[in-house]
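Trainee: no sequence on this one, just coordinates:
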């Protein structure tokens with residue numbers, strides 16, 4: 001008989017690592033992908049299917065993957081530049097899921113180079129919709145504050161005691177008749 005204890009232990013460790021990776025991807029709203037330029041084979045992790053609201057049994061094609069982008073040319077450009085320059089890309093783009101929901105994703109891709117030629121692209125997609133909504137709300141609040149200060153002829157300022165840096169709002173410059 002063969003001692004299979006080490007094999008069983010390795011299988012258990014592999015299973016645990018796979019589960020940790022899947023949990024981390026789910027919690028981080030992050031998924032991995034790869035695209036083989038030679039065979040045209042595309043792979044998505046489970047989380048990318050979830051982000052794109054694509055059924056797990058859907059046949060993956062490049063056309064499908066690109067079709068979810070509001071601006072498909074943007075992702076195609078990023079990939080083309082990566083293939084040409086061998087440099088990774090990092091873009092934030094809006095998608096429309098197959099269920100019609102708008103989301104923002106951060107897509108990072110890097111080339112796999114063999115014999116000086118890019119043969120594969122690998123990367124991640126992260127759902128950053130919540131972050132984009134917070135950014136939009138912050139910009140809206142900032143504009144509201146600026147408008148209110150302007151209408152009320154009010155301004156705000158702050159002084160950092162550690163760095164000795166003074167900050168004036170646009171309205172303080174206007175009130176003081178100082179250019180900024």
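Mentor: It's in. Remember, it's a predicted structure, so these values are computed and weren't measured experimentally.

Trainee: so residue 112 sits right up against residue 119, yeah?
Mentor: Yes. Using C-beta atoms under 8 Å, residue 112 makes contact with residue 119 at a distance of 5.8 Å. For every residue, glycine as well, the C-beta is placed using N, CA and C.

Trainee: Now do the lengthiest strand in the chain, average pLDDT.
Mentor: The longest strand of the chain (DSSP state E) is strand 102-114. The pLDDT scores in strand 102-114 average 97.

Trainee: strand partners of the next helix or strand after it, parallel vs antiparallel please.
Mentor: Going down the chain from strand 102-114, the next helix or strand is strand 117-127, by DSSP states H and E. Here strand 117-127 is paired, per DSSP bridges, with strand 30-36 (antiparallel), strand 102-114 (antiparallel).

Trainee: Residue 61: neighbour count?
Mentor: By other C-beta atoms under 10 Å, the residues close to residue 61 number 11.

Trainee: cool, residue 132 as well?
Mentor: By other C-beta under 10 Å, neighbour count at residue 132 equals 17.

Trainee: Dump the strands paired with strand 117-127 to a markdown table, plus distance to residue 144 and mean neighbour count.
Mentor: A markdown table is the format used below for those (distance: least, C-beta to C-beta, whole Å; neighbours: other C-beta atoms under 10 Å):
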| stretch | distance to residue 144 | mean neighbour count |
| --- | --- | --- |
| strand 30-36 | 33 | 18 |
| strand 102-114 | 23 | 17 |
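
Trainee: Just put those strands in JSON lines and tack on distance to residue 169.
Mentor: Listed next are the strands paired with strand 117-127 as JSON lines, based on distance: least, C-beta to C-beta, whole Å:
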{"stretch": "strand 30-36", "distance to residue 169": "37"}
{"stretch": "strand 102-114", "distance to residue 169": "29"}
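
Trainee: hang on, the earlier thing: contacts for the longest strand of the chain?
Mentor: Contacts to strand 102-114, defined as C-beta atoms under 8 Å, 6 or more residues apart in numbering, come from residues 51, 70, 75, 78-79, 82-83, 86-97, 118-129, 131-132.

Trainee: quick one, which of the strands paired with strand 117-127 is nearest to residue 57?
Mentor: In terms of C-beta to C-beta, the element of these nearest to residue 57 is strand 30-36, at 16.9 Å.

Trainee: Indicate which one of the strands paired with strand 117-127 is closest to residue 168.
Mentor: When the strands paired with strand 117-127 are compared by C-beta to C-beta, strand 102-114 sits nearest residue 168, at 32.8 Å.
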